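Visitor: Curious how this folds, go ahead:
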Amino acid sequence: MTNHRIVLASRPAAEATVSNFRLESVELPPLKEGQVLVRNHYLSLDPYMRMRMNDAKNYAAPQALNEVMIGGTVGEVAESRHPGFAAGDKVVGMGGWQEWVVVDAGTPGAMRKVDTTHIPLSAYLGAVGMPGVTAWVGLIHLIEPKAGETIVVDAASGAVGSAVGQLAKSRGCRAVGIAGGADKCAYVVDELGFDACIDYKAHRDFASLAAALDAAAPGGVDGLFENVGGLIFDVVLSRMNAFGRIALCGLISGYEGESLAITNARLLLTQRLKLQGFIVSEHMALWPKALQELGGLVATGKLKYRETVAPNLAAAPEAFLGLLKGRNFGKQIVKLT
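Guide: Now for the predicted structure:
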């Protein structure tokens, strides 16, 4: 059987380009005992993949050259030689940028079965998957929001940020988003239920963005879920209340090599702030509780989300590069079948 896949052909010299990827065809080997053949239906594209493309020190090993690009997938078991899985099972795992994947199903955490009765399969890559759990862990476990507090999240219309704001509202907090463009901000407020959203594209300097934040969060900021870094981080940091908490999830503004310097680190001291960087895969003990809440909210329509869907595997590199530029709306996925 022929499998189509995308591998990392070269490492980016600076900004990633389509030429860093290569689409190729390979023959799948026959299944061995304990293995499962999965037809991937959807592929998740996420900002962390950009860091993995570099051969640099990171929290995880770099993406190997000429190997399938790493990535979360959901799909259906086509053939199984493992007693825990049967043909037709819907599964989520790290199948990578490819149409088919052979999985050693006995490996802990390699993949898990999911129920699509009330939750669409693709949602297990977003609101009821790694992005949703990331939002839950950063907000609930690290920021520990209290009713009446103001929580700010940037990249607010994305897969993680949209969940952060809705979870904050469910805890009785004021939710303020920061997003790029009037349409995204309208979605964040009108559909997701945030109290306010700031269009950073309309506020390009510190003073302008700070004034917009003062209007959206007149009582200051108690909790920050940080996805972007750079100017936005500096501005929100300047408006943090004493004993505020910051969950540092991502720094997408610096993924192509831009400076990520904090211009006024003294605020961390004078405001007695707690700043915690985190990687969601290092909090596996919290995943069951997070997924239980997220799944219930999505199944009952109480947690809303949006998807941008690339049409096929060949479109994945362009979609990924667009994600890094903020061209997606909500969760970026690739339809594989």
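Visitor: which stretches of the stretch 151-300 of the chain form helices?
Guide: 159-170, 182-190, 206-216, 230-238, 266-270, 287-299 (DSSP state H, counting those that start in this stretch).
Visitor: what's the distance between stretch 210-225 and the middle of its chain?
Guide: Put simply, stretch 210-225 sits 23 Å off its chain's centre (Cα atoms, centre = their mean, to the nearest Å).
Visitor: let me redo that: stretch 318-327
Guide: Offset of stretch 318-327 from its chain centre (Cα atoms, centre = their mean): 13 Å.
Visitor: do stretch 124-134 as well
Guide: The answer for stretch 124-134 is 7 Å, by Cα atoms, centre = their mean.
Visitor: Stretch 104-113 too?
Guide: The chain centre lies 22 Å from the centre of stretch 104-113; the measure is Cα atoms, centre = their mean.
Visitor: measure it end to end?
Guide: 14 Å (Cα to Cα, to the nearest Å).
Visitor: deepest of the helices of the stretch 151-300 of the chain, which one?
Guide: Ranked by mean neighbour count, those are led by helix 159-170 with a mean of 27 (mean count of other Cβ atoms under 10 Å). Heads up, the C-betas are built off the backbone N, CA and C, glycines and all.
Visitor: send the alpha carbons of that one over as PDB?
Guide: Written as PDB, here are the backbone C-alpha positions of helix 159-170 (Å, rounded to 0.1, in the frame of the first residue of the first chain):
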ATOM      1  CA  ALA A 159      -7.500  27.100  19.400                       C
ATOM      2  CA  VAL A 160      -5.900  27.700  22.800                       C
ATOM      3  CA  GLY A 161      -6.900  31.300  23.400                       C
ATOM      4  CA  SER A 162     -10.500  30.800  22.600                       C
ATOM      5  CA  ALA A 163     -10.800  28.000  25.200                       C
ATOM      6  CA  VAL A 164      -8.900  30.100  27.800                       C
ATOM      7  CA  GLY A 165     -11.400  32.900  27.700                       C
ATOM      8  CA  GLN A 166     -14.500  30.700  27.800                       C
ATOM      9  CA  LEU A 167     -13.100  28.700  30.700                       C
ATOM     10  CA  ALA A 168     -12.300  31.900  32.500                       C
ATOM     11  CA  LYS A 169     -15.900  33.100  32.000                       C
ATOM     12  CA  SER A 170     -17.200  29.800  33.400                       C
END
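Visitor: For that helix, which helices and strands make contact with it?
Guide: Packing partners of helix 159-170 (3 or more Cβ pairs under 8 Å, 6 or more residues apart in numbering; DSSP states H and E): helix 130-136, strand 150-154, strand 174-179, strand 221-226, helix 287-299.
Visitor: tell me the centre residue of the chain?
Guide: Central residue of the chain (Cα atoms, centre = their mean): Pro131, 4.1 Å from the mean position.
Visitor: ok, that residue to Ala159 distance?
Guide: Here the criterion is Cβ to Cβ, to the nearest Å. By it, Pro131 lies 4 Å from Ala159.
Visitor: Which neighbours do those two have in common?
Guide: Asp46, Lys331 (Cβ atoms under 8 Å, 6 or more residues apart in numbering).
Visitor: What does the pLDDT read for the residue nearest to the centre of the chain?
Guide: Looking at Pro131, its pLDDT reads 97.
Visitor: Glu258 now?
Guide: 84.
Visitor: Return the distance of the residue nearest to it when sequence neighbours are not counted relative to Ala16.
Guide: Spatial nearest neighbour of Glu258, excluding adjacent residues (Cβ to Cβ, 6 or more residues apart in numbering): Gly230 at 6.9 Å. Between Gly230 and Ala16 the distance is 18 Å, computed by Cβ to Cβ.
Visitor: Also Met111?
Guide: 28 Å.
Visitor: next one: the one helix or strand Leu37 maps to to chain centre, how far?
Guide: Using DSSP states H and E, Leu37 falls within strand 35-44. Distance of strand 35-44 from the chain centroid (Cα atoms, centre = their mean) equals 19 Å.
Visitor: Let's verify Val102: helix, strand, or coil?
Guide: strand (DSSP: H, G, I helix; E, B strand; the rest coil).
Visitor: That one pairs with what?
Guide: Residues in a beta bridge with Val102, per DSSP bridges, are Leu37.
Visitor: quick one: contacts for the residue nearest to Glu258?
Guide: Gly230 touches Leu251, Ser253, Gly254, Glu258, Ser259, Leu260, counting by Cβ under 8 Å, 6+ apart.
Visitor: filter those to the buried ones?
Guide: By neighbour count, with 16 or more other Cβ atoms under 10 Å, those hold Leu251, Ser253 as buried.
Visitor: Rebuild the contacts of Gly230 as a markdown table, extending it with distance to Glu99.
Guide: Output for the contacts of Gly230, formatted as a markdown table (distance: Cβ to Cβ, whole Å):
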| residue | distance to Glu99 |
| --- | --- |
| Leu251 | 32 |
| Ser253 | 33 |
| Gly254 | 33 |
| Glu258 | 35 |
| Ser259 | 39 |
| Leu260 | 36 |
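Visitor: Quickly check the contacts of Gly230 for the two that are furthest apart.
Guide: The span of the contacts of Gly230, defined through Cβ to Cβ, is set by Leu251 and Ser259 at 10.6 Å.
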